[in-house]
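>>> Sequence and predicted model, in that order:
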Amino acid sequence: MKKLSIWLLAFLPVFGYAQKNGETLWLNEGWTFSQTGKDTWYEAQVPGSVQHDLIRHKVLPDPFYGTNERLVQWVEDENWDFKKTFTVSAEQLRHDDAVIFFEGLDTQADVFLNGARILRSENMFVGYKISVKNILKEGENSLYIRFYSPVQSLMPARLTAGYDYPAGNDHRDEKLSIYNRKAPYQFGWDWGIRIAQMGIWKPVSLVFYDKVRIDDFFVKQTSVTAQSAKIENIVEVFSIAEKPVSAIVTVEYAAAGEAKRSVSKQVTLHRGNNTVFLELEIAYPKRWMPTGWGDQHLYDFTANVAAENRVITEKTEKIGLRSVRLVQEPDKYGKSFYFEVNGIPLFAKGANYIPGEIFTTQQNEDYYTKLFDNIEAANMNFVRVWGGGIY
């Protein structure tokens, strides 16, 4: 099954993600949660949400049965607290830096570590990386997150706006969805119930590293034809070192079954953010094509940073090389509107994809495998991802 062969993914420059850098401590286990001001704590699933866990613990009824939807709405008007402890060793603290990475918090929240507030979250769609080396301690460390009601926390915005914005999807009389950087469908839609969730909806990790880390690696395809693929690799490197670091940044690349090739650049990395550009050209590239139109060739691109004769950090992306063009040109009917992939006009066959579950964390790898199996079986080659969901 070619999970990544649907034409929708032609728009995505990155098909996979992996990074090696120092040591990673995952912080998804051992969380408990409680309504703020109460002293009843429940085990939490992370990634997850307050409402999903309350249903698991049978505090809330099944919202999909009968008219139970109305019985779960009180949760969105309350604040909710999450807490956990974790252990850090003396050896881990000897690393130059430690960064905690919240990949997704839903949505308004304050995060505390060992008594210090390290983050104020207001957007569920972005991840947050915070350097915490100076806050961590050997032995037990404490994390505490307070999630604020997505309704009550932003009610002042509505009260001072002077009018209600149109939000026909929002099932509540007070329309608060438009003030939240939060999946709009959670506030209700014509196809789904309202459950405005709160919680840690993506993984949490703590990364220990030395000297530098790669924060981003973008394989920019400037030109792709049958004869040549011109690539600009953009590597974002963060240095924690007090003094400039003499380093070599290398990008290795190869399609399946091919020998690796590489380009390198000698650079001086200064404390903070550094952007490194490396250009390369691939002769007669194996191009990615939509399902039913050819093979879905993928290349592995790996960026690494070496200093003092050793690689200290690297990051890998899996990339399909292709050109995509929206063709809008005058014709006898007015103006054309179609996509061209690798110079070939595409007859698009597909559908609009909305979130498959109200509780997004139920959409696991098995769910997406089945979804893409069904899409391929229906002979689709194009899927529009609806904008009112998650991204």
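Perfect, I can see it now.
>>> F277 contacts N233, doesn't it?
Yes - counting by C-beta atoms under 8 Å, N233 is a contact partner of F277 at 7.1 Å. For the C-beta atoms, the positions are set from N, CA and C on the backbone; glycine is no exception.
>>> Restricting the selection to alpha carbons, write the host helix or strand of R158 to PDB.
Taking DSSP states H and E as the criterion, R158 maps to helix 155-161. Provided in PDB are the C-alpha atoms of helix 155-161 (Å, rounded to 0.1, in the frame of the first residue of the first chain):
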ATOM      1  CA  MET A 155     -15.000  36.100  26.400                       C
ATOM      2  CA  PRO A 156     -13.600  39.600  27.000                       C
ATOM      3  CA  ALA A 157     -12.700  39.800  23.400                       C
ATOM      4  CA  ARG A 158     -16.300  39.200  22.300                       C
ATOM      5  CA  LEU A 159     -17.700  41.600  25.000                       C
ATOM      6  CA  THR A 160     -15.500  44.400  23.800                       C
ATOM      7  CA  ALA A 161     -15.800  43.900  20.000                       C
END
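>>> hmm, who's touching that helix?
164, 174-176, 179 (C-beta atoms under 8 Å, 6 or more residues apart in numbering).
>>> out of F277 and N233, which sits in the more crowded spot?
The residue with more neighbours, out of F277 and N233, is N233; 22 against 11, by other C-beta atoms under 10 Å.
>>> what's across from the more buried one in the sheet?
V219, L278 (DSSP bridges).
>>> okay but it is in contact with Y299, surely?
No - applying C-beta under 8 Å, one finds N233 not in contact with Y299, separated by 11.8 Å.
>>> What residues sit buried inside the helix holding R158?
Residues of helix 155-161 classed as buried: R158 (neighbour count, 16 or more other C-beta atoms under 10 Å).
>>> Quick check: next helix or strand after it?
Downstream of helix 155-161, the next assigned helix or strand under DSSP H and E is strand 199-200.
>>> so what strands line up beside that following strand?
strand 105-106 (antiparallel).
>>> C-terminal to the partner strand, which secondary structure element comes first?
Per DSSP H and E, the helix or strand that comes after strand 105-106 is strand 109-113.
>>> How about residues contacting that next one?
By C-beta under 8 Å, 6+ apart, strand 109-113 touches 100, 102, 105, 117-121, 132, 135-136, 141-148, 198.
>>> same thing but at 6 Å, please
117-121, 132, 135, 143-147 (C-beta atoms under 6 Å, 6 or more residues apart in numbering).
>>> from the chain's centre, how far out does it sit?
Centroid separation for strand 109-113 versus its chain: 20 Å, with C-alpha atoms, centre = their mean, to the nearest Å.
>>> all numbers from here: first residue = 27
With the count now opening at 27, the last piece we talked about shows up as strand 135-139.
>>> Now render the contacts of helix 181-187 as TSV, adding neighbour count.
Formatted as TSV, these follow (neighbours: other C-beta atoms under 10 Å):
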residue	neighbour count
D190	13
E200	13
K201	18
L202	24
Y205	18
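>>> With adjacent residues omitted, what lies nearest to the residue most central in space within the chain?
By C-alpha atoms, centre = their mean, the mean C-alpha position of the chain lies nearest to E129, the distance being 6.4 Å. Nearest residue to E129 in three dimensions, chain neighbours excluded: K228, at 3.6 Å (C-beta to C-beta, 6 or more residues apart in numbering).
>>> Make sure that neighbour is indeed in a helix.
No - assignment of K228 by DSSP: H, G, I helix; E, B strand; the rest coil gives coil, placing it outside any helix.
>>> and stretch 109-120, which residues are buried?
Neighbour count says stretch 109-120 has 109-110, 112, 114, 118 buried, by 16+ other C-beta under 10 Å.
>>> Just the residues contacting it, thanks.
Here stretch 109-120 has contacts from 53, 56-58, 162, 164, 166-170, 234, using C-beta under 6 Å, 6+ apart.
>>> just to revisit the earlier point, now the contacts of strand 135-139: which count as buried?
144-145, 147, 158, 161, 169-173.
>>> Taking the residues you listed, tell me the two that lie furthest apart.
Largest separation among those by C-beta to C-beta: I161 and F173, giving 20.9 Å.
>>> can you pull the contacts of E95?
89, 219.
>>> To clarify, my last question referred to M224.
When contacts are counted by C-beta under 6 Å, 6+ apart, M224 touches 76, 106, 132, 173.
>>> Those residues in helices, which ones?
Counting by DSSP state H, the contacts of M224 place V76 in helices.
>>> follow-up on the earlier one: got TSV for the buried residues of stretch 109-120, with secondary structure too?
Formatted as TSV, the buried residues of stretch 109-120 follow (three-state DSSP):
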residue	secondary structure
K109	strand
K110	strand
F112	strand
V114	strand
Q118	helix
